[in-house]
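Novice: Only the shape, not the letters, is given here:
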């Protein structure tokens with residue numbers, strides 16, 4: 001009987017990839033905190049993951065290396081602008097404290113996905129060994 005890793009791991013590999021992309025977006029926001037006119041971006045993680053779970057295709061599935069745009073453009077359609085709580089005079093919408101909190105939250109959730117995947121592989125390994 002063959003092991004189907006897609007069924008065994010569930011949505012965690014997709015969640016991990018989306019968390020990685022979100023970390024890049026949030027880091028870009030933090031790096032541009034002092035850039036006049038920069039607009040903070042973020043993604044609706046729940047909506048993207050829900051879409052991926054329903055369709056089982058899209059941005060996370062590659063059938064040929066030339067079918068997708070380069071990494072920096074993959075999620076451009078899903079990136080949203082963040083509305084600042086307090087407007088800046090120079091037009092920059094990055095709020096350091098909020099971006100740092102979102103980055104930290106995303107990092108914790110990334111670690112959780114890694115732990116879930118590790119647990120699933122440990123379970124599979126135990127099943128294979130017959131323990």
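Specialist: In hand now; what should we look at? Note that the coordinates shown come from a computational prediction; the quantities given were computed from them, not determined experimentally.
Novice: now stretch 118-131: mean pLDDT?
Specialist: Averaging pLDDT along stretch 118-131 yields 85.
Novice: what distance separates it from the centre of its chain?
Specialist: 27 Å (C-alpha atoms, centre = their mean, to the nearest Å).
Novice: Need the residues that contact it.
Specialist: 3, 8, 9, 10, 12 (C-beta atoms under 8 Å, 6 or more residues apart in numbering). For glycine as for every other residue, the C-beta is placed from the backbone atoms N, C-alpha and C.
Novice: Just say helix, strand or coil for residue 28.
Specialist: Look at residue 28: counting by DSSP: H, G, I helix; E, B strand; the rest coil, its state is helix.
Novice: contacting residues for the closest residue to it other than its chain neighbours?
Specialist: In this structure, residue 28 finds its nearest non-sequential neighbour in residue 41, 7.3 Å apart by C-beta to C-beta, 6 or more residues apart in numbering. Residue 41 makes contacts with 25, 28, 29, 79, 80, 81, 82, as judged by C-beta under 8 Å, 6+ apart.
Novice: Go through those residues and say which is closest to residue 109.
Specialist: residue 25 (14.2 Å; C-beta to C-beta).
Novice: Please identify which helix or strand holds the closest one.
Specialist: Element membership of residue 25 [criterion: DSSP states H and E] is helix 12-31.
Novice: Figure out how far the helix or strand that comes right after that helix is from the centre of its chain.
Specialist: Once the chain leaves helix 12-31, the next helix or strand it forms, by DSSP H and E, is strand 41-43. In terms of C-alpha atoms, centre = their mean, the centre of strand 41-43 is found 10 Å from the chain centre.
Novice: Stretch 112-122 now?
Specialist: Using C-alpha atoms, centre = their mean, the offset of stretch 112-122 from its chain centre is 17 Å.
Novice: what's the answer for stretch 87-107, then?
Specialist: The answer for stretch 87-107 is 17 Å, by C-alpha atoms, centre = their mean.
Novice: Low-confidence stretches in the protein?
Specialist: 1-3, 5-6, 52-77 (pLDDT under 70).
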